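Asker: Provided below for reference: sequence and predicted model.
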Amino acid sequence: MRKYWSAVAAIVQKDIRSELRTKEMVASMFVFAVLVLVIFNFTLSLDGETTLTLAPGILWVAFVFAGSLGLNRSFASERENRSILGLMLAPVDRSALYFGKLISNVLFMLVAEVFLLPLFMVFFNLNLLAELEPGAFALFLLVVAVGTLGYAAVGTTLAAIAANTTMREVLLPVLLFPVAVPVVIGAAESTRLIFQPNPFFGPGSWIRLLAAFAVVFVVVSWLTFEYVLEE
Amino acid sequence: MVDLNLRVASGEVLALFGRNGAGKTTFLHLAATLMRPTEGRLLYGDGKESSPEEIRRKIGLVSHASFLYPDLTVRENLAFYARLYGLTNVTAIVEEAAERADLSARADSPVRSLSRGMQQRLTIARAVLHRPSLLLLDEPYTGLDPVSADRLSALLSQFREQGTAAILTTHDLERGLAAADRVAILESGRLVHEGTSQQDPKTFRKLFSDVTTGRGIGHQA
């Protein structure tokens, strides 16, 4: 078991090192998400009340679109020089490769989201730190974390499938968006409820849905990733 | 692959010849557990069935592609693979591997900046980092200058002396014959000839020529 987690840690460390050197993934996710926010900000004229209703959906659209861009990049480094075969030769269960890539993807998505949140607050004139109670803000961060985990859990497996095809850039969103619909709805809906005057009433069932989605896709990917890589 | 039965002993080098598409790379990928055979078995060591993880621990693969990360340095690439294989004392192993590949002076250079020959040396160093007992080499002489090719042949001899078995595929008949103890020819996924490298080289050259020029030798051998 120690060797299994040592392989997972090696992949995460390698991905972080590569990202720090190239800054390809986080930078492209961040820029793309900012563009999404800017477009929504200019095309919708929002007042105080509609902002609270629509902004959560806009935020999650930005996260999800940017995330798909990052997930597409996550296997780009493994395609060059066919390093994915080097990973597959490792003497560990191949689910370790899934967990390594999943942890890297979640980390990079969270970093992009952390940079994005202040801009979201500025664009939509929402000072979440002032307007939300500390408990509600923590709940919002929990939704961001669980939603990101669920999206990356299914996205990592589908990115591995798409990476072996010639139409990978197109194929990943086509595969990912329909499957990830429960995450987008659950995350947007729970965020909207948290932004309402009574933030602790209602989002619980949506958060449980997000958590269940994440658990199901982590387990399914853990069991099937070996076959995904071989195909 | 059809009706293929090959055995390689410790310290033995088997050279596989054949045209492009004959199944050489497929065979190496099957042997490395990168592909799953639809039928048949691969037995390693004492002939007992082993788990894929145990098998992979015994195998080193040098493929057409380097499996290296261009943005990482020589040292970082070696350290990554050492950790992936769960090796202990990573720093010492990495330094020794870089030195053996004659890349100590470039240890902090990104792989992207290395020449083709240097990358090939690093690829081999990466493949033998965990001291495999079976080395699989897919056209390892491709793209190497004569000095680097001689160096690779010397390295192969060294591994052979240490008891490492090796299977190599190559289009370079002379180098393949010089490096190997046994030779085999594949045609359309079938083994059409198997023998020692010293046994009747004239006939072997004729068979090789027939196969590589597309005349084929069917299942005469």
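Answerer: Thanks, I have it.

Asker: okay, now A:Ser18: neighbour count?
Answerer: 20 (other CB atoms under 10 Å in any protein chain shown). All C-beta spots, glycine's among them, are computed from the backbone N, C-alpha and C.

Asker: do the same with B:Ala15
Answerer: Counted by other CB under 10 Å, the residues lying close to B:Ala15 total 24.

Asker: Please name the nearest non-neighbouring residue to it.
Answerer: Excluding its sequence neighbours, the residue lying closest to B:Ala15 (CB to CB, 6 or more residues apart in numbering or on different chains) is B:Ala180, at 3.6 Å.

Asker: Distance-wise, check the one you found relative to B:Arg205.
Answerer: For B:Ala180, the distance to B:Arg205 equals 14 Å [CB to CB, to the nearest Å].

Asker: neighbour-wise, which of the two wins?
Answerer: More neighbours surround B:Ala180 than the other of B:Ala180 and B:Arg205, with 24 against 13 (other CB under 10 Å).

Asker: Identify the residues contacting that one.
Answerer: Neighbour list for B:Ala180: B:13-15, B:168, B:197 [criterion: CB atoms under 8 Å, 6 or more residues apart in numbering or on different chains].

Asker: mind redoing it with 6 Å?
Answerer: Applying CB atoms under 6 Å, 6 or more residues apart in numbering or on different chains, we find B:Ala180 in contact with B:13, B:15, B:197.

Asker: so where is chain B shaky, pLDDT-wise?
Answerer: B:49, B:214-221 (pLDDT under 70).

Asker: The same query, at a cut-off of 50, please.
Answerer: Applying pLDDT under 50 to chain B flags the ranges B:219-221.

Asker: May I see the buried residues of the helix ranked longest in it?
Answerer: If you go by DSSP state H, chain B has its longest helix at helix B:146-161. Within helix B:146-161, the residues that count as buried by 16 or more other CB atoms under 10 Å in any protein chain shown are B:148-149, B:151-152, B:155-156, B:159-160.

Asker: Export that helix to CSV, keeping only CA atoms.
Answerer: Listed in CSV are the C-alpha atoms of helix B:146-161, where the atom choice follows Å, rounded to 0.1, in the frame of the first residue of the first chain:
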residue,chain,number,x,y,z
PRO,B,146,27.5,5.3,-34.7
VAL,B,147,29.2,6.2,-31.4
SER,B,148,25.9,6.1,-29.5
ALA,B,149,24.9,2.9,-31.2
ASP,B,150,28.3,1.3,-30.2
ARG,B,151,27.7,2.5,-26.7
LEU,B,152,24.3,0.9,-26.6
SER,B,153,25.7,-2.4,-27.8
ALA,B,154,28.3,-2.2,-25.1
LEU,B,155,25.6,-1.5,-22.5
LEU,B,156,23.6,-4.5,-23.8
SER,B,157,26.7,-6.8,-23.4
GLN,B,158,27.1,-5.4,-19.8
PHE,B,159,23.4,-6.3,-19.0
ARG,B,160,23.8,-9.7,-20.5
GLU,B,161,26.9,-10.4,-18.3
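
Asker: Which residues of chain A lie near chain B?
Answerer: Residues of chain A lying close to chain B by CB under 6 Å from any CB of the partner chain are A:3, A:6-7, A:10, A:14, A:18, A:21-22, A:81-83, A:85-86, A:88-91.

Asker: change it to 8 Å
Answerer: Contacts of chain A with chain B, taken as CB under 8 Å from any CB of the partner chain, map to A:2-3, A:6-7, A:9-11, A:13-14, A:17-18, A:21-22, A:77, A:80-83, A:85-93, A:230.

Asker: what about burial for those residues, which qualify?
Answerer: When the residues of chain A next to chain B are checked for burial by 16+ other CB under 10 Å, the buried set is A:3, A:6-7, A:9-11, A:13-14, A:17-18, A:77, A:80-83, A:85-93.

Asker: and whichever residue of chain A sits closest to chain B, what is it in contact with?
Answerer: For chain A, the residue positioned closest to chain B under CB to the nearest CB is A:Gly86, at a distance of 3.1 Å. Contact analysis of A:Gly86 by CB under 8 Å, 6+ apart lists B:67-68, B:81, B:126.

Asker: What of B:Thr26?
Answerer: B:1, B:35, B:189.

Asker: gap between it and B:Glu194?
Answerer: Distance of B:Thr26 to B:Glu194, computed by CB to CB: 18 Å.

Asker: ok, now A:Gln196?
Answerer: 76 Å.

Asker: can you pull out the helices in chain A?
Answerer: Going by DSSP H, chain A shows helices at A:2-22, A:24-43, A:48-74, A:76-79, A:83-88, A:95-123, A:128-131, A:134-163, A:168-179, A:181-195, A:203-230.

Asker: Which among those helices is found nearest to B:Ala105?
Answerer: helix A:2-22 (20.9 Å; CB to CB).

Asker: If you compare the directions of that closest one and helix A:48-74, what angle comes out?
Answerer: 110 degrees (axes from the mean of the first three to the mean of the last three CA atoms, to 10 degrees).

Asker: Can you tell me what sits against stretch B:90-108?
Answerer: B:73-75, B:78-79, B:82-83, B:87, B:114, B:118, B:121-122, B:124-126, B:128-129.

Asker: oh, I was asking about stretch A:220-231
Answerer: So stretch A:220-231 is contacted by A:84, A:88, A:93-95, A:97-99, A:102, A:153-154, A:156-157, A:160-161, A:164, B:34-36 (CB under 8 Å, 6+ apart).

Asker: Within range of chain A, give me the residues from chain B.
Answerer: B:32-36, B:53-54, B:56-57, B:59, B:61, B:63, B:65-72, B:76, B:80-81, B:83-86, B:126, B:130.

Asker: Now that we have those residues, which of them are buried?
Answerer: Judged by 16+ other CB under 10 Å, buried ones among the residues of chain B next to chain A: B:32-35, B:53, B:56-57, B:59, B:61, B:63, B:65-72, B:76, B:80-81, B:83-86, B:126, B:130.
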